[in-house]
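>>> fold the following, please.
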Amino acid sequence: MTNLSPQDIQLRRQAKKRVEMKLGFLTHLLVFVCVNGGLFVLGGLHGDFRGLHRLPLWGWGLGLAIHGLVTLLSLQGTDLRERMLQAELRALRERA
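Down below sits the predicted model:
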């Protein structure tokens, strides 16, 4: 990792942040599936299908959906900002 240009260092930092965001969401998803799957199985084993597993499923599911949306928009937002910046630069250059 020696002799990296400042641009390479910045790109690596950006890539690391994006990977951490994706892994954070995937970890959240895995825990969600395991816990809610376990609650469903336990409810079935005890013959308790009154829907007690639904409350954490819906609440946590909403949180997971929001986490996924924020992650997606954050990852797409970087590209969107860059595209908008490039478009503005082109427009300003054409006017000058």
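>>> average pLDDT for the lengthiest helix in the chain?
For the chain, the helix with the greatest residue count under DSSP state H is helix 54-95. Averaged across helix 54-95, pLDDT comes to 87.
>>> so which elements touch it?
helix 6-45 (3 or more CB pairs under 8 Å, 6 or more residues apart in numbering; DSSP states H and E). Just so you know, the C-beta spots here come from the backbone N, C-alpha and C atoms, and that holds for glycine as well.
>>> nearest residue to the middle of this structure?
Thr71 (2.8 Å; CA atoms, centre = their mean).
>>> check contacts around the residue nearest to that residue when sequence neighbours are not counted.
Nearest non-adjacent residue to Thr71, counting by CB to CB, 6 or more residues apart in numbering: Phe25, 4.6 Å away. With contact taken as CB atoms under 8 Å, 6 or more residues apart in numbering, Phe25 is in contact with 67-68, 71.
>>> looking at these, which is nearest Gln7?
Thr71 (25.3 Å; CB to CB).
>>> hang on, the closest one packs against Gly24?
Yes: taking contacts as CB atoms under 8 Å, Thr71 lies within contact range of Gly24: 7.4 Å.
>>> just the pLDDT for Phe49.
61.
>>> contacts only, for Leu42.
Contacts of Leu42 by CB under 8 Å, 6+ apart are His53.
>>> how close does Arg12 get to Lys22?
16 Å (CB to CB, to the nearest Å).
>>> ditto for Cys34
19 Å.
>>> the more surrounded of the two?
Lys22 (13 against 10; other CB atoms under 10 Å).
>>> can you pull the pLDDT of that one?
Confidence score, pLDDT, at Lys22: 94.
>>> sort out which residues of stretch 67-86 are buried, please.
Across stretch 67-86, burial judged by 16 or more other CB atoms under 10 Å covers 67, 71.
>>> residues touching it, excluding its own?
Contacts of stretch 67-86 (CB under 8 Å, 6+ apart): 14, 18, 21-22, 24-25, 28-29.
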